[in-house]
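Colleague: this is a predicted model, with the sequence first.
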Amino acid sequence: MKDILVVAKLKEGKFDKFMGFMQSEEGMNERRKIADLTKTLGTVSPDKNAVMFKIVVHDENALNSFLDGSNSVSKPIFDEVLVSYEIFELNKV
């Protein structure tokens, strides 16, 4: 298990569509394959054009697939709502 920070930039006006997917049963099922959802922390920028999630990942390959478009479930929605994303590995100091 690794602590990961994901920062995503969203297309203008697509925050509600993004969150609708992330909170849907379909989105939740895909997210469960990646991380422990009970330990996920999220935030959104004031203009709702960026989101940030700290997640505890148990399958990094699934995370990459979820974000990069190779996951058939997330691809259609992310093609519509995402501008870009960055992944950071977090280490305690």
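Modeller: Arrived safely, thanks for sending.
Colleague: against Pro46, how distant is Phe66?
Modeller: Applying C-beta to C-beta, to the nearest Å, the value for Phe66 to Pro46 is 26 Å. To be clear about C-beta, it is placed using only N, CA and C from the backbone, and glycine gets the same treatment.
Colleague: the two: which is more packed in?
Modeller: Phe66 (22 against 6; other C-beta atoms under 10 Å).
Colleague: give me the neighbour count for the residue nearest to the more buried one when sequence neighbours are not counted.
Modeller: Counting by C-beta to C-beta, 6 or more residues apart in numbering, Phe66 lies nearest to Ser74, which is 5.0 Å off, once chain neighbours are set aside. Look at Ser74: counted by other C-beta under 10 Å, it has 21 neighbours.
Colleague: pretty sure Ser74 is touching Asn64, no?
Modeller: No - the criterion here is C-beta atoms under 8 Å, and Ser74 misses it with Asn64 at 11.2 Å.
Colleague: quick one: pLDDT of the residue lying closest to Leu5 once chain neighbours are set aside?
Modeller: Residue nearest to Leu5 in three dimensions, not counting chain neighbours: Phe88, with 4.3 Å by C-beta to C-beta, 6+ apart. According to the prediction, Phe88 has pLDDT 97.
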